[in-house]
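[1] I would like the atomic coordinates for the input below:
(2 chains)
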Amino acid sequence: MARREGFRRAPRAALVVWQAVALSAVVSGLAAAPLAVAVLTGRRAPGATWAAVAALALSAMVLVRLLWSGHVVGTRLRAARREHRLLVDALGEAVDDEVRVLAHPTPTAYCLPGLRRRVVLTEGTLRTLPPDQLAAVLAHERAHLRERHDLVLEFFVVLHRSAPRWLRSSAALREVRLIIEVLADRAARHATGPVPLARALVALAGSTHPETALAVTADPSATRARMALLAQDEAPARLAAGMYAFAAAVLAAPGVVLALALGSMGA
Amino acid sequence: MDQVWLRGEAGEPSVSVREVHDALSDSRDLAYTTVMTVMGRLANAGLLVKARSGRAYLYAAAGSREELTASTMLGHLHGMAPEDRRSAMLHFLGDATPEEIADLKAALAEVESRQADRSPRTP
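    Predicted structure coming up:
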């Protein structure tokens, strides 16, 4: 699904589909072993009890791995943000409750999510961008904070870390990151129109330097994809509706499989 | 930090928690322990240098606002794993090579022309 770029035109629906797929995968992963054992062995088959115990142990291991990963990722991210917020509050000038301006010549902009959120700009950004482009960037960052994209991303990062290496999909994680950026771009486009945002993307892309602290090595094609999407219309309602229906089906799938399996056991 | 920098400029590089607390009390209702805790955290983060003077501690700025912004942010961000850095904060965008920038400018022209087509009266 990471390769179907057309889905990005309905970013909110796409994100819901990704979350549904991930959630369904987790549920299936947890239920798979016990269910397989229950279906393949009758209640009276020899060794069935041991197989059931082994299957439950496997599921428990998966669950523990998930919870542990959630804990590790969660605490590490929050600690990093807390430290960063201290630096930003101490070194930056406060424009309002949320926005801080750092005395750095390189133009950049980012947000620090969490309960005590921040939007961080540099003096370089204020010097480089005219007011309408600045407004677009601020709208983009505020959308990230308002819609809690950090929580969505955290969900996927935790799953990514919990999965065994052969099951991980870096492409999927990259796609989710991109969709989150596109969602914030949508909010900015709604506020200022596509042109200021597009110009801001070009202005800031041209000013970052790899050696600078505040630059982040990201997927190089991501910005290009975001720009292309700005030039496109909103997706037709049919596409989004279809994707939501697909998400619902994906979520229901494990339940349906379970019901069928239990039904076949009873017959 | 502002207090410490101000006093540094006025010829007083090292300050005590008491002095900072008194200066801030005029405008904000802060407990002494709060100021002490925050200054301790700033010292741990490398923004302040802590030195003992008799029974008290004195704090000095580890650099100017610009120096510390460049060095501390650099150290902090590079101390994080790249994956964490991209999850802890959400950046507006990443680096771009000159080819990508040229690509982006071409794409920008398309966005602008589409918008112009839609609303010919808007510049």
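
[2] measure how buried the one residue in chain B that gets nearest to chain A is and give me the count.
    Distances between chain B and chain A by Cβ to the nearest Cβ are smallest at B:Gly94, namely 2.6 Å. In this view, the C-beta of every residue, glycine as well, is placed from N, C-alpha and C. By other Cβ atoms under 10 Å in any protein chain shown, 18 other residues sit near B:Gly94.

[3] likewise A:Ser28?
    14.

[4] same deal with the one 5 residues further on?
    For A:Ala33, the tally of surrounding residues (other Cβ under 10 Å) stands at 20.

[5] list the residues that contact it.
    A:54-56, A:58-59 (Cβ atoms under 8 Å, 6 or more residues apart in numbering or on different chains).

[6] next one: it from B:Ser14, what distance?
    64 Å (Cβ to Cβ, to the nearest Å).

[7] pull out the buried residues from stretch A:107-124.
    Buried residues in stretch A:107-124, counted by 16 or more other Cβ atoms under 10 Å in any protein chain shown: A:107-114, A:117-124.

[8] excluding sequence neighbours, find me the nearest residue to B:Ala61.
    B:Val4 (4.8 Å; Cβ to Cβ, 6 or more residues apart in numbering or on different chains).

[9] give me the contacts around the helix or strand where that neighbour lies.
    Assigned by DSSP states H and E, B:Val4 belongs to helix B:2-9. By Cβ under 8 Å, 6+ apart, the residues outside helix B:2-9 that reach it are B:13, B:15, B:19-20, B:23-24, B:48, B:59-61, B:64-65.

[10] mind doing that once more with 6 Å?
    The contact list for helix B:2-9, computed with Cβ atoms under 6 Å, 6 or more residues apart in numbering or on different chains, reads B:15, B:20, B:23, B:61.

[11] now do the buried residues in it.
    Buried, per 16+ other Cβ under 10 Å, within helix B:2-9: B:3-4, B:7.

[12] hang on, the earlier thing: from the contacts of A:Ala33, which land in helices?
    A:54-56, A:58-59 (DSSP state H).

[13] residue ranges of the strands in chain B, please?
    B:14-15, B:48-53, B:56-61, B:90-91 (DSSP state E).

[14] which residues of the chain score low on pLDDT?
    Looking at chain A here, since you left the chain open. Within chain A, the ranges that satisfy pLDDT under 70 run A:1-4, A:39-48, A:208-220, A:265-267.

[15] try chain B instead
    B:78, B:95, B:119-123.

[16] residues from it in reach of chain A?
    Residues of chain B lying close to chain A by Cβ under 6 Å from any Cβ of the partner chain are B:1, B:42, B:45, B:47, B:65-66, B:68-69, B:72-74, B:77, B:80, B:87-96, B:100-101, B:103-105, B:107-108, B:110-112, B:114-115.

[17] where helices are concerned, which of those residues count?
    Per DSSP H, the residues of chain B next to chain A map to helices at B:42, B:65-66, B:68-69, B:72-74, B:77, B:87-88, B:100-101, B:103-105, B:107-108, B:110-112, B:114-115.

[18] point to the residue nearest the middle of chain A.
    In chain A, the residue lying closest to the centroid (Cα atoms, centre = their mean) is A:Leu153, at 3.0 Å.

[19] and it, what element?
    Assessed by DSSP H and E, A:Leu153 sits inside helix A:149-162.

[20] next helix or strand past that helix?
    Assigned by DSSP H and E, the successor of helix A:149-162 is helix A:170-192.

[21] break down the stretch 1-150 of chain A into its helices, ranges please.
    Counting by DSSP state H, counting those that start in this stretch, the stretch 1-150 of chain A has helices at residues A:11-40, A:48-91, A:123-128, A:131-146, A:149-162.

[22] A:Ala259: which of the ones you listed is closest?
    Within the helices of the stretch 1-150 of chain A, the stretch nearest A:Ala259 is helix A:11-40; the backing value is 11.1 Å (Cβ to Cβ).

[23] what's the neighbour count on residue 16?
    Answering for chain A, as no chain was given. 19.

[24] actually chain B
    The burial count for B:Ser16: 15, using other Cβ under 10 Å.

[25] next one: B:Glu66
    That count, for B:Glu66 with other Cβ under 10 Å as the rule, works out to 14.

[26] out of the buried residues of stretch A:107-124, which comes closest to A:Pro164?
    The closest of these, once distances to A:Pro164 are taken by Cβ to Cβ, is A:Pro113, at 28.5 Å.

[27] name the nearest residue to the closest one, sequence neighbours excluded.
    A:Asp150 (3.5 Å).

[28] that neighbour contacts A:Leu112, correct?
    No - if you go by Cβ atoms under 6 Å, A:Asp150 and A:Leu112 don't touch, sitting 9.1 Å apart.

[29] circling back to that earlier point, most neighbours, which of the contacts of A:Ala33?
    A:Ala55 (19 neighbours).

[30] where's the closest residue to it other than its chain neighbours relative to chain B, distance?
    Nearest non-adjacent residue to A:Ala55, counting by Cβ to Cβ, 6+ apart: A:Ala33, 3.7 Å away. As judged by Cβ to the nearest Cβ, to the nearest Å, A:Ala33 and chain B stand 29 Å apart.

[31] wait, what's in contact with the residue nearest the centre of chain B?
    The residue lying closest to the centre of chain B (Cα atoms, centre = their mean) is B:Thr69, at 5.4 Å. For B:Thr69, the contact set (Cβ under 6 Å, 6+ apart) comprises A:91, A:102-104.
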